[in-house]
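> Need coordinates for the below:
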Amino acid sequence: MAEVLVTGSAGFIGGYLVQELLSQGHQVIGLDDHSKYGPVAHSYDDHPRFRFIPGDARDPELLTELAAGCDQLIAGAAMIGGISYFHQYPYDLLACNERIAAATGDAAITAHRYGRLRKVTYLSSSMVYESADRWPSAEGDERRIPPPLSSYGFQKLAVEYWARAAYDQYGLPYTIVRPFNCVGVGEARALGEATALSGNVKLALSHVVPDLVQKILKGQDPVHILGDGSQIRHYTYGGDLARGIVTAMTHPAAENEDFNLSTNESTTVRQLAELIWAKIKGPDVAFRYLSDDPYPYDVARRVPDIGKARRLLGFEAVTPLPEMLDEVIPWVAQAIADGRL
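Numbers count the residues shown, from 1 in each chain. Sure, this is the predicted structure:
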């Protein structure tokens with residue numbers, strides 16, 4: 001078993017990831033500054049193989065000290081959120097995440113050279129395919145199409161260049177993973193001064209699923225959706241993504257490779273809203289919606305080719321969307337009752 005440093009361990013995907021690493025017997029050090037949601041409690045906080053370090057992933061000295069004693073580094077720390085979040089913070093997100101990327105690279109190069117660190121697994125994003133003009137998007141397409149227009153997509157693509165540059169110059173092994181539309185529990189209202197309204201509901205600046213759930217639970221009728229709702233997404237369960245990330249971390253075939261991690265099931269935003277509506281209100285209440293103006297960088301189609309992850313890693317995301325919603329809806333309802341959303 002490996003000792004693994006996870007940056008951004010208290011984040012949305014980070015929570016599933018630490019749980020998966022512990023379930024597979026690994027030792028885990030989690031690093032997070034709680035800048036997104038504030039302090040977050042997890043079921044594994046007192047696990048004997050988990051140690052949490054409160055700290056900033058932009059601190060190269062702290063990262064070097066931690067990474068030098070670990071076998072693996074999973075680089076997940078970033079300013080990250082849904083479409084409303086990265087439209088509210090385009091500059092902060094770019095500036096912060098570039099500093100995290102530089103600190104992570106500097107620390108990992110030193111820890112690999114003088115410590116025991118073997119590899120870095122970078123969490124990228126499906127947004128590197130933001131400018132795709134053909135689908136499904138396969139690994140390598142991100143360098144054959146125009147770069148993303150959003151600062152978030154552009155910076156995630158830059159992370160992939162950081163990874164390859166560190167390998168080309170310093171021989172630091174890497175794996176890049178691109179989660180598609182993670183769905184799960186753990187998102188709360190983002191800290192910060194920015195706000196975004198959708199109809200009469202203040203968005204959490206998180207992802208589309210919890211935002212749609214909270215709008216319908218709060219009685220918004222008709223429910224507001226962005227654009228005409230025809231945008232295509234691949235909603236993938238956080239637990240499946242965590243399993244894929246850990247597989248990519250450990251699998252020999254993953255070294256110096258990149259992978260799309262996603263379900264193979266396409267769903268439009270309107271279909272998603274209808275499904276959530278039916279689960280909350282019951283099948284006999286007719287679905288009603290209004291279209292809000294879309295954001296400038298609202299991608300029309302985000303459809304992955306998942307063949308490489310299936311072929312080299314044996315990975316498939318299998319949790320169906322209705323099952324994910326059965327977990328998320330009660331969680332959001334409790335978050336509303338507790339005043340967290």
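> Sort out which residues of the lengthiest helix in the chain are buried, please.
If you go by DSSP state H, the chain has its longest helix at helix 90-114. Burial within helix 90-114, assessed by neighbour count using 16 or more other C-beta atoms under 10 Å, is assigned to 93-94, 96-97, 100-101, 103-105, 107-112. In this view, the C-beta of every residue, glycine as well, is placed from N, C-alpha and C.
> give me the low-pLDDT residue ranges for this structure?
Within the chain, the segments meeting pLDDT under 70 span 188-197, 202-206.
> All the helices of it, in order from the start?
Under DSSP H, the chain gives helices at 12-23, 60-68, 83-88, 90-114, 151-170, 208-217, 238-250, 269-281, 307-308, 321-337.
> so G184 makes contact with Q19?
No. Shown here, G184 and Q19 do not form a contact pair, counting by C-beta atoms under 8 Å, at 10.6 Å.
> higher neighbour count, those two?
Neighbours per residue, other C-beta atoms under 10 Å: of G184 and Q19, the larger number sits with G184, 24 against 19.
> ok, now which ones touch the closest residue to the more buried one other than its chain neighbours?
Nearest residue to G184 in three dimensions, chain neighbours excluded: G238, at 3.1 Å (C-beta to C-beta, 6 or more residues apart in numbering). Applying C-beta atoms under 8 Å, 6 or more residues apart in numbering, we find G238 in contact with 12-13, 15-16, 182-186.
> Likewise for V120?
72-75, 104, 108, 163, 166, 172-175.
> Name the nearest of those residues relative to I245.
Closest approach between those and I245, by C-beta to C-beta: I74, at 6.8 Å.
> Can you get me a residue count around the closest one?
Around I74 there are 30 other residues, counting by other C-beta under 10 Å.
> Likewise for Q24?
Q24, neighbours per other C-beta under 10 Å, totals 15.
> what's the answer for the one 4 residues further on, then?
Using other C-beta under 10 Å, V28 has 25 other residues around it.
> do the same with T64
19.
> list the contacts for the closest residue to it other than its chain neighbours?
Leaving aside its chain neighbours, T64 sits nearest to A107 (4.1 Å; criterion: C-beta to C-beta, 6+ apart). Neighbouring residues of A107 by C-beta under 8 Å, 6+ apart: 60, 63-64, 66-67.
> Nearest to K308 among the residues you listed?
Of all these, K308 sits closest to A67, with 27.4 Å by C-beta to C-beta.
> quick one: the residue of the chain most remote from its centre and V18, what's the gap?
Computed with C-alpha atoms, centre = their mean, the residue of the chain farthest from its C-alpha average is D284, at 34.3 Å. Per C-beta to C-beta, to the nearest Å, D284 is found 41 Å from V18.
> and the closest residue in space to I145 that isn't next to it in sequence, how many neighbours?
In space, and not counting its chain neighbours, I145 is closest to S131: 5.1 Å by C-beta to C-beta, 6+ apart. Residues lying near S131 (other C-beta under 10 Å) number 17.
> Distance check, S131 against I176.
18 Å.
> just to revisit the earlier point, between the helices of the chain, which one is closest to G30.
Among the helices of the chain, helix 12-23 comes nearest to G30, with 5.8 Å by C-beta to C-beta.
> Contacts made by that closest one with the rest, please.
Here helix 12-23 makes contact (C-beta under 8 Å, 6+ apart) with 4, 6, 8-9, 28, 30, 32, 40, 42-44, 47, 49-50, 74, 76, 80, 123, 179, 182, 184, 186-187, 206-207, 238-239, 241-243, 245-246.
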